[in-house]
Each structure stands twice: as structure tokens, then as C-alpha cells.
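next come a sequence and a model predicted from it.
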Amino acid sequence: MKPFSYERASTPAQAAAAVAAKPGAKFVAGGTNLLDLMKLQIETPTHLVDVNALQLDRIEATAEGGLRIGALVRNTDLAADARVRRDYGVLSRALVAGASGQLRNMATTAGNLLQRTRCPYFYDTAMPCNKRVAGSGCSAIGGFSRQHAIVGVSDDCIATHPSDMAVAMRTLDATVQTIRADGAARVIPIADFHRLPGNTPHIETALQPGELITSVTLPAPLGGTHLYRKVRDRASYAFALVSVAAIVQRDGSGRVAMGGVAHKPWRLEAADAEMPRGATAVARRLLADARPTHENAFKVPLAERTLAAVLSQARS
Amino acid sequence: MDCTAAIPISRRNLLIAGASATAAVPLSAEAQAAATEAAIVSSVSLEVNGTTRTLEIDTRTTLLDALREHLHLTGTKKGCDQGQCGACTVLVNGRRTVSCLSLAVMNAGAKITTIEGLGTPASLHPMQAAFIKHDGYQCGYCTPGQICSAVGVLDEIQRGVPSHVSADLTAQPLLSAAELRERMSGNICRCGAYSNIVDAISEVAGARS
């Protein structure tokens, strides 16, 4: 690790201002992804602003009947919250499908959204990677790409977003609340929070420098059957090859988002409209623009079959 | 109190020193720059196994290295050092945590319990006794992490935290072998003592319920 100075912020506004004021400064909360990347010198912050003392660790009911989840609520606590288990099962299921028990105890809601890709070339500092060093090239295109994205890809990056939680939040149409360095608050719909790679894969979210996530808000419960199915190389503690988050209503309508297939949680409202026509129709619309590599072409039929299994489970 | 000086030299440092003394190639510019980059030192107080310990340490020091290299609590093991193997698992404020992915300075005021604080040879924690009884290890390297993790698992089940294999999200989780296996998936055992580990945890869980 490169040396860095350290401070503990006491208010969100102070934390945002502290990071904006110092080039090379970063927030740290759970640290489970950042520290890993710092050890490999993929992340080299010169100053860390610890946000763990901010009072952002509560889950509160909103006036609209939803839930406001503090940015520092740990993944374990969010998955275990009685209201989440009862009304937002897809979120609870997605959370416990991710990482390990130890990591879920440490990882925060905001940090989970801000995870970096697990593309092996992003992790290998000896290899070109447009996400790590802008303009250096993409080693995954033409390289080992079995885990990589099949939709929303560009000629500069085919990395996936690794989060399970974010896929469920996209299905729920959550919103992300932030505070900027100038103290201004704003709300970002989860659909707009993560970006597609385009020709700037190093810019992954809509956040500005120093902008701090303060909470994530869920709308009032949507009802329906909540399912999250994750297909991976081992039964536990592995990233998704394909995952499906679904909320299915009794009349067959509903919402579907996929993980492991794109640079962001993948949901198209036009595909949701196909729900009454079944899995094949939904998958065709969701993956209409798929551009798989020769190594991950299997994800196209795998995604459709996983979706079919989920919709079948919802009917039973 | 920084007591690294009490350890004259570690095996790892001896090997590193030997390697650089015999290296034929000159240091890269990056390595030279790294060598001259000044460490930034910070003060942090932790409550480790019931005793408050204050350290003046490089901000880069992980909780794991603080425990092992500064406080000489070498029961906690360094396996992968990237959060994948679980050998470094300790309890932080009662919750199982991989100490390699947390900075010591981030744990100011935290209550840390390591394998040394869980029990002693004369007065074993029930989980330690059960691991011995059921032969829940071969080489023993992953064992302190397994035991701390197992203690955390039983607390999580008691608090109603669901898992990936819980059939009903709203019901109290079961103490089944499938639940224990899923919940312990963050602790890798290279010797493959898994079935005995599940037996040991099941016995402690059964004795409690």
C-alpha cells in the first residue's frame, strides 16, 4: 500500500468537503473492496476520510410508505431487517447470495453500490485495462472473458458490475440520496446511478468528486412474489455468472433485472412489459442487443433458462 | 505502545532481507520511490480481549497485522490477506470480521475478541472444546478463524439473520447442517475438515438450544 493520511469525519457535509478538498482523497466505510484494491495498488488514495462515525446506520420508514436505508447499514443488518424480509424479499435474498458472512457484516449499503469490477485484468496491474488506466486498452476483449458482460458492452470495456444487492434495488426502482461538497443534496434514480462503459469505462457512476451517498430509499412495498436466483461456479461465496431478480404479480405481470451480464444491473422496462408472454419473450427483449464473446456466449441461453426457472418458481 | 521491537526479526522479513541482499537486479524506480515514501503514523486505542491497547502505527496497518505484529497475538492467522479465506476472522464488537480487510485505525474504541480471548487451554470456550472433540482440523492453520467464525454464526442465527439456504425469510433460521455449511463458506479449510467442523458447531448449537 502507498502511504496515506487518515481522518474520521463527523458529519456528511464535512466528509464530502474533506474529500473534495484533497486530490487523491477517498471515503472509506466497510473497506472490504477498497483495502483489497489498495494492497494491489489499483487504488492509491493519499488521504482516507473514514465515514463510519456518521450517523447513517439506521433503516427508517418514509412518509411514502417505503424505507430509507442509511448508507452505512451493513449488508447483514439490511438482509435481516424484519421489514425488508417481509416486504422486499428480493433484496434480502440478493444480499445473502453475495460474499461471505464476515464480509456482509462489514460491507455497507453505499459501498456495495460502489464496488469495482472483479475483471481479472482490472486486478492485474501488469495488463492494460481502460478502467484502471484510461486509454491503455482492454485485455478482456480477445482474452479470457468467460465471466464478462454480454449486453451494454463497448469496444473499450466488457466488465460486469459485481453487486447482487444493486440488481435487487434496480428491480425495486430504489433511489440514491447524496450530499455534494458544497452541501447540496440530490436524488439519483438507481437506473441512472451506474453508467455503461462507453469510451469512459473508468467513470462508473453518476457521482461527482467528493459526492457522498447518504441513503438509499425503497418505494412502498410492491407486493408480488420476490425471487433472486444466482448461477455461479460454486454453491456459495462466488460472483454471479448470471443472476435474476424478479418481482412477479399474480396476473403474471412484474419486473425483472439481471446481474452478471452488464456493466450495471440490467433491466429494460420494455422487457418487463413482455412478462405475461413468458421467459423467452422477456429474455429476447432484455438481451436483444447482446454482443457476447466466444467465451461467454453461453450466458445468453443461461440467462433465458435462469429467467424461465425463476418465473416457473413464481407460478408454483 | 508499539512493541514490534520485541520481535527481533520475523521469518518473513528474514527471507525478504535475504532476497534483497542477494538480488542481482537493481531496484526499479517505483520500488526506490516506495522505499523513500514516508509512513504516516497515527494513534489508535483498541480493546483487545478485554484490555485497552494503544498503538502508534502506520495508517496502512491492517487490524490483522496490528494483532499479530504489534500485539503478538499470533493465534489469528494470515492466509490470503484479501478476504477470501477467513483465516484472519476475529470478532469485532461481537461480529465476525475478516481482520485483513480492516485498517487498525478504523477500529478505534472497538472491542476485539481473538482466539486467545475466546478461551484458554485451561478454560476452553465450548466451540474450542467441540473442535477438539470432533477433530475439526488437521494442520490447524484455519482453525482460529473457523472457531471465531462459528461463534459469530451461532449468534447470527440466534438474531434471526437469514442465509442463502433459508427456505422462509421470515422464519427463525434452522440449525441444520445445510445452514451451517452455507454460513461457514467464508472459511476455507485446505485439509478438508469440513464435515467434522459442521459436527463440532452442531454440537455447540444443540447444547445451547
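Alright, I've got the coordinates. Keep in mind the model is a prediction, meaning the values are calculated, not measured. Numbering: from 1, shown residues only, chains lettered A, B, ... in the order given.

show me what contacts the residue of the stretch 51-200 of chain A found nearest chain B?
Across the stretch 51-200 of chain A, no residue is closer to chain B than residue A:100, which sits at 2.5 Å (CB to the nearest CB). Where you see a C-beta, it was placed from the backbone N, CA and C, and this is true even at glycine. Applying CB atoms under 8 Å, 6 or more residues apart in numbering or on different chains, one finds that residue A:100 lies in contact with A:237, B:83, B:86, B:185-187.

hang on, residue B:57 is in a strand, isn't it?
Yes - under the criterion used here (DSSP: H, G, I helix; E, B strand; the rest coil), residue B:57 sits inside a strand.

okay, and the beta partners of it?
Beta-bridge pairing of residue B:57 under DSSP bridges involves residue B:42.

so how far is the first residue of stretch B:164-178 from its last?
Stretch B:164-178 stretches 10 Å from its first residue to its last (CA to CA, to the nearest Å).

any chance you could list what contacts that stretch?
In this structure, residues lying in contact with stretch B:164-178 by CB under 8 Å, 6+ apart are A:82, A:85-86, A:89, A:92-93, A:96-97, A:236, B:157, B:160-163, B:179, B:182, B:198, B:202, B:205-206, B:209.

can you say which of the residues you listed are buried?
A:85, A:89, A:92-93, A:96-97, A:236, B:157, B:161-163, B:179, B:182, B:198, B:202, B:205 (16 or more other CB atoms under 10 Å in any protein chain shown).

and of those residues, the nearest to residue A:40?
Proximity of those to residue A:40 (CB to CB) peaks at residue A:236, which lies at 24.5 Å.

next, that closest one: secondary structure please.
At residue A:236, secondary structure determined by three-state DSSP is coil.

chain neighbours aside, what residue packs nearest to it?
With CB to CB, 6 or more residues apart in numbering or on different chains as the criterion, residue A:236 has its nearest non-adjacent residue at 3.7 Å, and that residue is residue B:185.

where does that neighbour fall, phi/psi-wise?
Torsion angles at residue B:185 (phi, psi; degrees, to the nearest 10) stand at phi -70, psi -10.

count of neighbours near it?
The burial count assigned to residue B:185 is 20, neighbours taken as other CB atoms under 10 Å in any protein chain shown.

residues contacting it?
The neighbourhood of residue B:185, defined by CB under 8 Å, 6+ apart, consists of A:100-101, A:235-237.

can you check residue B:43 too?
Applying CB under 8 Å, 6+ apart, we find residue B:43 in contact with B:54-56.

show me just the buried residues among the residues you listed.
Among these, the ones that count as buried by 16+ other CB under 10 Å are residue B:55.

show the pLDDT at the residue in chain B that chain A sits nearest to.
Going by CB to the nearest CB, chain A is nearest to residue B:186 of chain B, at 2.5 Å. According to the per-residue confidence, residue B:186 scores 98 in pLDDT.

nearest spatial neighbour of it, skipping sequence neighbours?
Once chain neighbours are set aside, the closest to residue B:186 by CB to CB, 6+ apart is residue A:100, at 2.5 Å.

helices of the chain, residue ranges please.
Here I'm looking at chain A. A:12-21, A:34-39, A:75-80, A:82-87, A:89-96, A:101-106, A:109-113, A:120-123, A:165-171, A:190-193, A:269-272, A:279-286, A:299-315 (DSSP state H).

actually it's chain B I care about, not the one you picked
Ranges of helices in chain B, per DSSP H, are B:11-22, B:29-36, B:63-65, B:115-118, B:126-133, B:143-158, B:177-183, B:194-208.

quick check: buried residues in the last one?
Meaning helix B:194-208. B:194, B:196-205.

save those residues as JSON lines, and put in pLDDT and distance to chain A too.
Output for the buried residues of helix B:194-208, formatted as JSON lines (pLDDT from 0 to 100; distance: CB to the nearest CB, whole Å):
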{"residue": "B:194", "pLDDT": "98", "distance to chain A": "12"}
{"residue": "B:196", "pLDDT": "98", "distance to chain A": "19"}
{"residue": "B:197", "pLDDT": "98", "distance to chain A": "14"}
{"residue": "B:198", "pLDDT": "98", "distance to chain A": "14"}
{"residue": "B:199", "pLDDT": "98", "distance to chain A": "19"}
{"residue": "B:200", "pLDDT": "98", "distance to chain A": "17"}
{"residue": "B:201", "pLDDT": "98", "distance to chain A": "13"}
{"residue": "B:202", "pLDDT": "98", "distance to chain A": "17"}
{"residue": "B:203", "pLDDT": "97", "distance to chain A": "20"}
{"residue": "B:204", "pLDDT": "97", "distance to chain A": "17"}
{"residue": "B:205", "pLDDT": "95", "distance to chain A": "15"}
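
quick one: contacts for residue B:119?
Applying CB under 8 Å, 6+ apart, we find residue B:119 in contact with B:125, B:128-129.

just residue A:84 next, same as before
Each residue near residue A:84 by CB under 8 Å, 6+ apart is listed here: A:59, A:67, A:78, A:91-92.

so where's the chain shaky on pLDDT?
You didn't pick a chain, so chain A it is. Under the criterion pLDDT under 70, no range of chain A is flagged.

correction: the question concerned chain B.
Confidence mapping of chain B against pLDDT under 70 gives the ranges B:1-36, B:208-209.

tell me the domain boundaries of it?
Here the domain parsing of chain B from automatic domain parsing is B:38-118, B:119-209.

and those domains, which is most packed in?
Per-residue neighbour counts averaged over each of these give the maximum for domain B:38-118, namely a mean of 20 (mean count of other CB atoms under 10 Å in any protein chain shown).

quick check: the residue of the stretch 101-250 of chain A nearest chain B.
Counting by CB to the nearest CB, the stretch 101-250 of chain A gets nearest to chain B through residue A:236 (3.7 Å).

need phi/psi at that residue.
The phi/psi pair for residue A:236 (degrees, to the nearest 10) is phi -150, psi 160.

I figured it hits residue B:182, correct?
Yes - contact between residue A:236 and residue B:182 holds when scored by CB atoms under 8 Å: they sit 5.5 Å apart.
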